[in-house]
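J.: below is the sequence, then the predicted model.
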Amino acid sequence: PEQISNRRTSVIHEMPSTSTIYRLIRAKKVPKTSMENLRRKGKFKRPAEKRGKFNDKGRTIKKRPKEIYKRQEIGHWEGDTVESGRNDHKRKSGYCFVTLAERKSRYYIAILVENRKSENVTLAIINALKDFPKALVKTITFDRGKEFSGFEKIEKELGCKTYFCDPYCAWQKGTNENSNGLLREFYPKGMDLSEVDIDDLNHNLNLMNNRPRKCIKYNTPIEELFGLLP
């Protein structure tokens, strides 16, 4: 409701207030929508990281230019993976999403791969970003999972720089963490990602990237990234 209320376009200039939209939903005057359909806010604690580590060759986030923190410039990404669910402590399948989130625009990419082997993750990242203008891919920040050990090839192929978060500091790439949470609205924790339909995935990503976001003044990620502001 807050996103709808604050969204302005060249076609629609006046929108109902957030409280009005909530009242309409509670009164069941919005077809196929109820309070249960709305996004739920909450935090969860990520379990301790058990993946293998590697030598990042000094590419610590502490060496990342400070201006990147301010989100004043397009082209700085955060990378992560989202895994399939478990059955009795065992993954239902090796399938996972490789995810990329651009810090300023919140533009989000998710690529389905068969497993988290470094070569698969590396290729997925390169293929996802290789056709973007160089000005839109300047840096990528990862955590220290060994699936990102192909960072030097990523740098070479994309002409960008890579950095790595401090151990157990997922909050240092919070843009991606938050976007992964939005993706989980479509693919809940516990789901076997081998069942994902690629057309559905692309449709859902399109919805995410065209969703007005409060943090970017109710513009959409795709508008912010490509300069298509209304």
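T.: Received, thanks.

J.: what number of residues lie near Glu119?
T.: Other residues within reach of Glu119, judged by other Cβ atoms under 10 Å, total 13. (Glycine included, C-beta is placed from N, CA and C.)

J.: what's the answer for the one 5 residues further on, then?
T.: Applying the criterion other Cβ under 10 Å, we find 23 residues in the vicinity of Ala124.

J.: that one touches Val113, doesn't it?
T.: Yes: using Cβ atoms under 8 Å, Ala124 and Val113 qualify as a contacting pair, with a distance of 5.3 Å.

J.: quick one: common contacting residues for those two?
T.: With contacts taken as Cβ atoms under 8 Å, 6 or more residues apart in numbering, Ala124 and Val113 have Val98 as neighbours in common.

J.: helices or strands next to the helix or strand hosting Tyr163 in the packing?
T.: Under DSSP states H and E, the secondary-structure element containing Tyr163 is strand 161-164. In terms of contact count using 3 or more Cβ pairs under 8 Å, 6 or more residues apart in numbering; DSSP states H and E, strand 161-164 is assigned the packing partners strand 139-142, helix 151-158.

J.: can you name the residues in contact with it?
T.: Outside strand 161-164, the residues touching it (Cβ under 8 Å, 6+ apart) are 56, 59-61, 63-64, 138-144, 148, 151, 154-155.

J.: can you flag the buried ones in those residues?
T.: Neighbour-count burial within the contacts of strand 161-164 applies to 56, 59, 61, 64, 138-144, 148, 151, 154; the criterion is 16 or more other Cβ atoms under 10 Å.

J.: distance to Phe164 and pLDDT for those - can I get that in TSV?
T.: Below are the buried ones among the contacts of strand 161-164 laid out as TSV (distance: Cβ to Cβ, whole Å; pLDDT from 0 to 100):
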residue	distance to Phe164	pLDDT
Asp56	5	85
Arg59	6	94
Ile61	6	96
Arg64	9	97
Lys138	16	98
Thr139	11	98
Ile140	10	99
Thr141	7	98
Phe142	6	97
Asp143	7	94
Arg144	5	92
Phe148	8	97
Phe151	8	98
Ile154	12	99
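
J.: any idea which of these is closest to Glu223?
T.: Lys138 (19.8 Å; Cβ to Cβ).

J.: in the protein, which residue is most central in space?
T.: For the chain, the residue nearest the mean C-alpha position is Ser179 (3.5 Å; Cα atoms, centre = their mean).

J.: identify the residues contacting the nearest residue to Asn115 once chain neighbours are set aside.
T.: Ranked by Cβ to Cβ, 6 or more residues apart in numbering and with sequence neighbours excluded, the top spatial neighbour of Asn115 is Gly94, at 3.6 Å. Neighbouring residues of Gly94 by Cβ under 8 Å, 6+ apart: 84, 114-116.

J.: those residues, buried ones only, as a ChimeraX selection?
T.: The following ChimeraX line selects those of these that are buried, judged by 16+ other Cβ under 10 Å:
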select :84,115,116
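
J.: which among the contacts of Gly94 gets closest to Ala101?
T.: Among the contacts of Gly94, Arg116 lies closest to Ala101 (Cβ to Cβ), at 17.9 Å.

J.: list the contacts of the residue lying closest to that closest one once chain neighbours are set aside.
T.: Taking Cβ to Cβ, 6+ apart as the measure, Arg116 lies nearest to Glu147, with 4.4 Å between them; neighbours along the chain are not counted. Residues counted as contacts of Glu147 (Cβ under 8 Å, 6+ apart) are 51, 81, 116-118, 121.

J.: what pLDDT does the model give Glu147?
T.: The pLDDT attached to Glu147 in the predicted structure is 96.

J.: please apply the same query to Ile125.
T.: Each residue has a pLDDT score; the one for Ile125 is 99.
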